[in-house]
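Colleague: Predicted model follows, preceded by the sequence.
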Amino acid sequence: MVCFEVRLKKVIHACPTCGVNTFNTNGTQTSKVKHAGVTDLNIIIYIVKYRFICQTCSTTFSQPSPTSTTRKRVSNQLIRRIMKLALNERNTFRSIGNEVNLSTTAVINIFVEHVPRPKVSLSTILSIDEIYLGKKSRKKYAVILMDFKSKKIIDMVYGRSVDECIRVLDNYSREERATVEYITCDMYTGFHRLASSYFPNARVCVDSFHVIQLINDALLKLITTLQKDYSTDSKEYYLLKQHKFLILSSSFNIEWTIRNFDKKLK
């Protein structure tokens, strides 16, 4: 690893609040930026920059860095290197992180923020579902918009809150969203509110997996309630406790011809 210290030249800057040019400073600050060099060396640049103070509105602001945007700990060149490495399908986020000396989570966040998002037309049948990104990810979940017919991803929302979904759906015009006829999703109320607000002509269809899950949960609660009506040493309690899988299973999955001796029932 190679470290450099760079001191920025003091020049006149415009105040971001009122726009008045100022040359007055209020000390300096040092920011640490990871950089991609021309070689495979990992480079860290310590940038010493001035803190300016506006005499008109008393706003203090930092001198902009030539290597990175505001509040970024990685240089623009390192971001370009990460995106170039991501073009190779053999590279994983972990291998890219090892090469540029960043954590896997940092690489994922950079990729999600800078990956090009080609706009794809919405399908008449739109599937909405969430995926788990891992406990180390800055946001634990992402929402996927998928074409039900072609099984291709249309768009992705980094996060799963309603506000984050709205920011992505606002990229599509009302006319485009009106072409959606059906939406398949789970029972999350946020998806249902989005469907009614942003897809006025669409009918919401809860996918079969979550319907079956809801039925099984209701049956389990009913079985638990029935168990309380019998003593723990009764045959009824034993059947409900040990053989409830017969109630929850499909009749096609039960081996009706196989006979087994049960000690409790004799």
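Modeller: Arrived safely, thanks for sending. Nothing here was measured: the structure is a model prediction, and the numbers come from that model.
Colleague: Provide a list of residues in contact with residue 60.
Modeller: For residue 60, the residues meeting the contact criterion (C-beta atoms under 8 Å, 6 or more residues apart in numbering) are 26, 51-54. Using the backbone N, CA and C atoms, a C-beta is placed for each residue, glycine as well.
Colleague: how about it, phi and psi?
Modeller: Backbone torsions for residue 60, taken as degrees, to the nearest 10, come to phi -110, psi 140.
Colleague: and if you look at residue 221?
Modeller: Comment: the main-chain dihedrals of residue 221 come out as phi -70, psi -40, following degrees, to the nearest 10.
Colleague: With the one 10 residues further on instead?
Modeller: When read as degrees, to the nearest 10, the backbone of residue 231 gives phi -70, psi 160.
Colleague: about what we covered before: among the contacts of residue 60, which two are most distant?
Modeller: Checking those against each other with C-beta to C-beta, the farthest-apart pair comes out as 51 and 54, at 11.3 Å.
Colleague: any idea where the helices of this structure begin and end?
Modeller: In the chain, the segments counted as helices under DSSP state H are 76-86, 93-100, 104-114, 162-169, 174-177, 189-198, 208-227, 235-242, 245-248.
Colleague: can you tell which of the ones you listed is closest to residue 47?
Modeller: Closest to residue 47 of the helices of the chain is helix 76-86 (C-beta to C-beta; 13.0 Å).
Colleague: Packing partners of the closest one?
Modeller: Using 3 or more C-beta pairs under 8 Å, 6 or more residues apart in numbering; DSSP states H and E as the contact criterion, the elements in contact with helix 76-86 are strand 25-36, helix 93-100, helix 104-114.
Colleague: and the angle for that helix with helix 104-114?
Modeller: Orientation note: helix 76-86 sits at an angle of 90 degrees relative to helix 104-114 (axes from the mean of the first three to the mean of the last three C-alpha atoms, to 10 degrees).
Colleague: quick one: buried residues of helix 76-86?
Modeller: By 16 or more other C-beta atoms under 10 Å, the buried positions in helix 76-86 come out as 76, 78-79, 81-82, 85-86.
Colleague: Tell me which of the helices and strands packed on helix 76-86 sits nearest to residue 43.
Modeller: Distances from residue 43 to each of the helices and strands packed on helix 76-86 were compared using C-beta to C-beta; the minimum, 4.3 Å, belongs to strand 25-36.
Colleague: That'll do, ta.
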